[in-house]
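J.: Structure for this input, please:
(4 chains)
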Number of protein chains: 4
Amino acid sequence: MRTAKLLLHCPDRPGLITELTNFITINKGNIIYLDQHVDHAENIFFMRIEWELKDFLIPDDKIEEYFYTLYAQKYDMTFKLYFSDQKPRMAIFVSKMSHCLYDMLARYVAGEWDVEIPLIISNHPDMGPAAEKFGIPYYVFPVNRANKEEMEAKEMELLREHDISFIVLARYMQVISENMIKQYPDKIINIHHSFLPAFVGAKPYHAAFERGVKIIGATSHYVTTELDAGPIIDQDVVRVSHKDTVQDLVNKGKDLEKIVLSRAVQKHIERKILSYKNKTVIFN
Amino acid sequence: MRTAKLLLHCPDRPGLITELTNFITINKGNIIYLDQHVDHAENIFFMRIEWELKDFLIPDDKIEEYFYTLYAQKYDMTFKLYFSDQKPRMAIFVSKMSHCLYDMLARYVAGEWDVEIPLIISNHPDMGPAAEKFGIPYYVFPVNRANKEEMEAKEMELLREHDISFIVLARYMQVISENMIKQYPDKIINIHHSFLPAFVGAKPYHAAFERGVKIIGATSHYVTTELDAGPIIDQDVVRVSHKDTVQDLVNKGKDLEKIVLSRAVQKHIERKILSYKNKTVIFN
Amino acid sequence: MRTAKLLLHCPDRPGLITELTNFITINKGNIIYLDQHVDHAENIFFMRIEWELKDFLIPDDKIEEYFYTLYAQKYDMTFKLYFSDQKPRMAIFVSKMSHCLYDMLARYVAGEWDVEIPLIISNHPDMGPAAEKFGIPYYVFPVNRANKEEMEAKEMELLREHDISFIVLARYMQVISENMIKQYPDKIINIHHSFLPAFVGAKPYHAAFERGVKIIGATSHYVTTELDAGPIIDQDVVRVSHKDTVQDLVNKGKDLEKIVLSRAVQKHIERKILSYKNKTVIFN
Amino acid sequence: MRTAKLLLHCPDRPGLITELTNFITINKGNIIYLDQHVDHAENIFFMRIEWELKDFLIPDDKIEEYFYTLYAQKYDMTFKLYFSDQKPRMAIFVSKMSHCLYDMLARYVAGEWDVEIPLIISNHPDMGPAAEKFGIPYYVFPVNRANKEEMEAKEMELLREHDISFIVLARYMQVISENMIKQYPDKIINIHHSFLPAFVGAKPYHAAFERGVKIIGATSHYVTTELDAGPIIDQDVVRVSHKDTVQDLVNKGKDLEKIVLSRAVQKHIERKILSYKNKTVIFN
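T.: Model prediction:
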């Protein structure tokens, strides 16, 4: 059963839900999912709607045009249209730590995710054997301050060659440059090993230990040009105590990081995230 | 801003959302809330929709009739209609423990809940002083096995006199009889001090201690004629360890019970619970 | 069964546990509780030990002296000794919000806490009726920037008169001055309505909403002269979503605040908190 | 730094901690860990103590004998002694699901666990490729009702050959027979995909869906001869809603299962679990 998924936002006004559901129904689409949200403070209407394409009167390659002409320009809408049989293509960036990488690869080979992973990119050779176990090409770009521009240019060429639609930073310990971030807006997912906005930047577990917190967290977010400040997708926490050393926090945190990152990736793959003004709307 | 709140379920079919939102919009109601859910296994459509009544063309006292005639009979719908200015009237039943009672009374006097609490009923005099602190009439019916029918008859008379729309059992340690339950379907909320369906019945903390569980819970649910088996509204848990005695479980559980019960009461007051086949749909 | 409770810390060295447990046992005290912790990074030994006084050879009023002479001076120990029949005397400071206040008063009258609450102090008259319900004297000191020194002097006089041993700030919306804090070191417990160190200072729920976090928290801590930066006692969190308004965060947060504050107060009353270098050791 | 780890329980009596810590200290062992617990209901004393062996006067191979002679027989103690350089040897049993298996293998190759995994046993060939990726021998025993005795005999022979000290059932969908369980008391760890004791037996997610619970769980426990009724090691939960299908519960549950199982395995490897009367004491 092929479906179309439409995500949109626009200034709120009466009658929008009715008009948009009419559009689908009149054209013989069967709505199988609808979730909507109004941010009353900002007066913005958000919607995700999914419908079966079997009897839909408008051909696939015309839906975007028709929707733009009939609704989007009229109501100042921003929208994205996806088809259920378009598999997103995901690149993983990793450094030396394996826990997030293995967690995603295990889901991938088990068929949990409707995604392709054509390649893994790293600044270190260490995770090569892990990639090899799962038969995924592994490319090393030894990025440093001096060569970053050149290395990222090569990375982006590789991403284009493989038609990559989004990037997952699986504890990738390099700051991505502004140029690259701008080419992948809301398409680079990072896992930060703290409960943001607490403990931005390097060594958050050390900082959490120093502060004596009783709970630590992990945060998955889209990468923007400001460090660790992009739209938050998911967060989770685990209780710690005075008995936990920094190393204990690191170990407990690993389980959080991999779960929180994988949940964000899954939501992204399912086209259930809409980003607006540095926040996310996460549809159910 | 007065609103109407409509909760409904019916067999699922294409076009329902469109038709129902049309009904509101065409008649000049402004939809301010819509949440819907389809149980694909049972093929049931659930919806909660709320709209402003200011310009709505159909008079308040005709909405129910019109909706029944135009939609409900046609689509085999079960529905309930509420108005935002109808305050539910809540009776609290309590025995000897105060934690749930105080938690609700504190919310009540702080104005957190849009509800009236005209009376408290108990099988013991103990909580009388608590009721008195908050100026709420307190009635004692010393129910026992022999006099239960007679006592409940008096309780129900009192409930009718005060036009009570729902009942909250705040650790009320008496089983309500089938007769009374049937008069208040989906209108009696109980808190059970375990993570149901584990530890049904009496002394769940003792049973949890005996079993050596590492997490205990509390469950709020609508009361049905089968003990502790009605539709679950909310649950929550807290971690325990081998260091916790039965009394520690009791104490930790109290905090759970009051929060889980109050969350259920709030959802009920807000008309956000729809009960179907011994399960609840909880709208956001 | 009367007991003594000893909390101590000192530089770690081999044999400490043995020597300290020997001290109790040889003098015919029966150890009923022992918990210890070593901070290996700082090389500090922490211990809480409790024993029955029935057959203990050293008289109550000599234990402190003997312990100092025989162990504390020798091992550079900091220690505190409490007796189980010494009830701590607690003052509550409150402003206009009632949820934490009612939660504590409900526990107090239910006998959950082994404490005395001789008075409530406020900068507003609003909570007077709440105090009156529970029969606790309520004093209003309308603190402002100009009169703070004078008002606090009066407050402290009142605290001394009532022999207050610790203070609980139950959403008290005034910064306590350095002078007063220094007179109550590790004896003023505050609840901050965020997951510290995120969102220090005023309006944390607004800040959390702006940042688009997916989890909010509350933190109980001892008050030090640096705002919201004292030793953390307890924290807890609750999940939120894009559907939650600032007001929703405020409401969800209230349940967190009262539970997290009450847990801290309980640990303090039980003499289970040891503060060291701006962190807490919380004994089980 | 080599250490000895001693876990014991016995009837409680005054002076035990002192006497036992004396034993270590007098013989020049440096205590680096001590945790103890008294079950006052059962009057049982539990202890875990760890000390450095460098200067310890009693040779490794005599400690057990000395301890038995001097203390265990005197105080009716049950005890176990481990040395930090004895790596436990773990066998994984798996059927067709990969999530727990991959999670453990990823930790193993990352060096998170101080353990050997010499082999994986299955009743199906499906996970062979997963085992192969990580270079671990994989043996298939197609167990069924008719051949179970014979198959288990071969499995146990293999376990003996590889000197296996404990077994992890990583969603192994076969009931282990009584004979085999008795040969590995407190040495077979299972993950059950529910919050025990709710939903014992087959298809717990279906049962949870039917009951309409709002939270699902997973439970790791030692296997005893009564199904899903052995001592619980760890549990965790995740919130679900009416929107979740059975398949959603299965998917959310997988993340729980792997984390809860791995936490139990880690505690077992670290020798931090003591089992008594069908409950566990989990030392910190």
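J.: domains of chain A?
T.: Annotated domains of chain A cover A:3-83, A:89-282 [automatic domain parsing].
J.: and these, which is most packed in?
T.: For those, the largest average neighbour count (mean count of other C-beta atoms under 10 Å in any protein chain shown) is found in domain A:89-282, namely a mean of 19. The C-beta positions use only the backbone N, C-alpha and C, and glycine is treated the same way.
J.: close to chain B, is that one?
T.: Yes: using C-beta under 8 Å from any C-beta of the partner chain, domain A:89-282 reaches chain B at residue A:239.
J.: And that domain, end to end?
T.: 21 Å (C-alpha to C-alpha, to the nearest Å).
J.: With stretch A:232-248 instead?
T.: 25 Å.
J.: Tabulate the domains of chain A (a markdown table), appending mean pLDDT.
T.: Shown next, in a markdown table, are the domains of chain A (pLDDT from 0 to 100):
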| stretch | mean pLDDT |
| --- | --- |
| domain A:3-83 | 94 |
| domain A:89-282 | 97 |
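J.: Can you check which of these gets nearest to residue B:66?
T.: domain A:3-83 (17.4 Å; C-beta to C-beta).
J.: For residue A:192, name its beta-bridge partners.
T.: residue A:219 (DSSP bridges).
J.: Distance of it relative to residue A:217?
T.: Shown here: residue A:192 relative to residue A:217, a distance of 9 Å by C-beta to C-beta, to the nearest Å.
J.: Residue A:210 now?
T.: 16 Å.
J.: what does residue A:135 give?
T.: In terms of C-beta to C-beta, residue A:135 sits 34 Å off from residue A:217.
J.: Residue of the stretch 101-250 of chain A nearest chain B, please.
T.: residue A:239 (7.5 Å; C-beta to the nearest C-beta).
J.: Ramachandran coordinates for the closest residue to that residue other than its chain neighbours?
T.: Nearest residue to residue A:239, sequence neighbours excluded (C-beta to C-beta, 6 or more residues apart in numbering or on different chains): residue A:215, at 5.6 Å. Backbone torsions of residue A:215, given as degrees, to the nearest 10, read phi -140, psi 130.
J.: My read is that residue A:215 contacts residue A:194, right?
T.: No: in this structure residue A:215 lies outside contact range of residue A:194 using C-beta atoms under 8 Å: 10.9 Å.
J.: quick one, strands of the stretch 101-250 of chain A?
T.: Using DSSP state E, counting those that start in this stretch, the strands of the stretch 101-250 of chain A run over A:116-122, A:138-140, A:166-170, A:188-192, A:215-222, A:232-239.
J.: same for the last one, what does it pack against?
T.: By that I understand strand A:232-239. Strand A:232-239 is packed against strand A:215-222, helix A:246-269, strand A:279-282, strand C:215-222, with contacts defined by 3 or more C-beta pairs under 8 Å, 6 or more residues apart in numbering or on different chains; DSSP states H and E.
J.: With distance to residue A:113 added, can I get the ones you listed in TSV?
T.: Shown next, in TSV, are the helices and strands packed on strand A:232-239 (distance: least, C-beta to C-beta, whole Å):
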stretch	distance to residue A:113
strand A:215-222	15
helix A:246-269	6
strand A:279-282	17
strand C:215-222	24
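J.: Nearest to residue B:256 among these would be which one?
T.: Between the helices and strands packed on strand A:232-239, strand C:215-222 lies closest to residue B:256; by C-beta to C-beta that is 16.4 Å.
J.: mind exporting the closest one as CSV, just the C-alpha atoms?
T.: C-alpha atoms of strand C:215-222 as CSV (Å, rounded to 0.1, in the frame of the first residue of the first chain):
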residue,chain,number,x,y,z
ILE,C,215,12.1,16.8,29.3
ILE,C,216,11.7,19.2,32.2
GLY,C,217,13.0,18.8,35.7
ALA,C,218,13.1,20.0,39.3
THR,C,219,16.1,20.2,41.6
SER,C,220,16.3,20.3,45.4
HIS,C,221,19.5,21.7,46.8
TYR,C,222,21.1,23.3,49.8
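J.: what's the angle from it to strand C:232-239?
T.: 170 degrees (axes from the mean of the first three to the mean of the last three C-alpha atoms, to 10 degrees).
J.: so how far is strand C:215-222 off the chain centroid?
T.: 14 Å (C-alpha atoms, centre = their mean, to the nearest Å).
J.: show me the contacts for the closest residue to residue A:259 other than its chain neighbours.
T.: Spatial nearest neighbour of residue A:259, excluding adjacent residues (C-beta to C-beta, 6+ apart): residue D:255 at 5.5 Å. For residue D:255, the contact set (C-beta atoms under 8 Å, 6 or more residues apart in numbering or on different chains) comprises A:259, A:262, D:99, D:238.
J.: how about the residues you listed, which pair is most distant?
T.: D:99 and D:238 (14.3 Å).
J.: Residue A:205 contacts residue A:245, doesn't it?
T.: No: using C-beta under 8 Å, residue A:205 is not in contact with residue A:245, being 9.9 Å away.
J.: close enough to count as contact, residue A:221 and residue A:189?
T.: Yes: with contacts counted by C-beta under 8 Å, residue A:221 reaches residue A:189, the gap being 7.4 Å.
J.: Which positions in chain A make contact with chain D?
T.: Neighbours of chain D within chain A, by C-beta under 8 Å from any C-beta: A:98-99, A:102-103, A:106-107, A:109-110, A:112, A:130, A:133-134, A:241, A:243, A:251, A:255, A:259, A:262, A:284.
J.: Let's see which of these end up in helices.
T.: A:99, A:102, A:103, A:106, A:107, A:109, A:130, A:133, A:251, A:255, A:259, A:262 (DSSP state H).
J.: Alright, I will stop here.
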